[in-house]
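**Q** Quick one: sequence plus predicted model below, questions after.
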Amino acid sequence: MQDLWKHEPVQVSGDTYTATVPKHGVVLLRVSIASGGGGAFQASQPRPAAAAPLTAEQDHQRLMDLLHITSLRPGQSEGAAGPNGVNFDESKANPYPKLPDRWC
């Protein structure tokens, strides 16, 4: 074990380590496991093999399942008469509206 702030090794007695941390202070330690050593610090289990890459559709479905989303809102229909028709008329839009005097 090494104290990374002081750049010096830390002596550990047994399976425990105690540090005095000043108020608003920090202790930064690096723990290394010696090969063939026992004690309290045991090597972690090997990581499982990486999963096969997903297609875009599989990844989309995976995220939908994770977020518990059952369906997405459909896009707009062509024309205003459809079930999801557009609800604006660009001809009525005024790019230069008359603003109140206090905003000018």
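**A** Yes, it's here.
**Q** shaky segments in the protein?
**A** For the chain, applying pLDDT under 70 flags the ranges 1, 33-45, 79-80, 103-104.
**Q** if you set the cut-off to 80 instead, what comes out?
**A** Counting by pLDDT under 80, the chain has low-confidence residues at 1-8, 10-19, 27-51, 74-104.
**Q** Which residue ranges of this structure form helices?
**A** For the chain, the helices defined by DSSP state H cover 56-66.
**Q** so what's the most far-flung residue of the chain relative to its centre up against?
**A** Relative to the centre of the chain, and counting by Cα atoms, centre = their mean, the farthest-placed residue is Asp101 at 46.2 Å. Contact analysis of Asp101 by Cβ atoms under 8 Å, 6 or more residues apart in numbering lists nothing. All C-beta spots, glycine's among them, are computed from the backbone N, C-alpha and C.
**Q** Distance-wise, check it relative to Asn94.
**A** 18 Å (Cβ to Cβ, to the nearest Å).
**Q** Number of residues surrounding Pro95?
**A** Residues within reach of Pro95, counting by other Cβ atoms under 10 Å, total 4.
**Q** And it, how far from Asn87?
**A** Distance of Pro95 to Asn87, computed by Cβ to Cβ: 19 Å.
**Q** Next: Leu63.
**A** Applying Cβ to Cβ, the value for Leu63 to Asn87 is 29 Å.
**Q** more neighbours, these two?
**A** Neighbour totals were compared for Leu63 and Asn87, and Leu63 leads with 10 against 7 (other Cβ under 10 Å).
**Q** Quick check: that one vs Lys98, distance?
**A** For Leu63, the distance to Lys98 - Cβ to Cβ - is 46 Å.
**Q** If anything else comes up later, I'll come back, but that's it for now.
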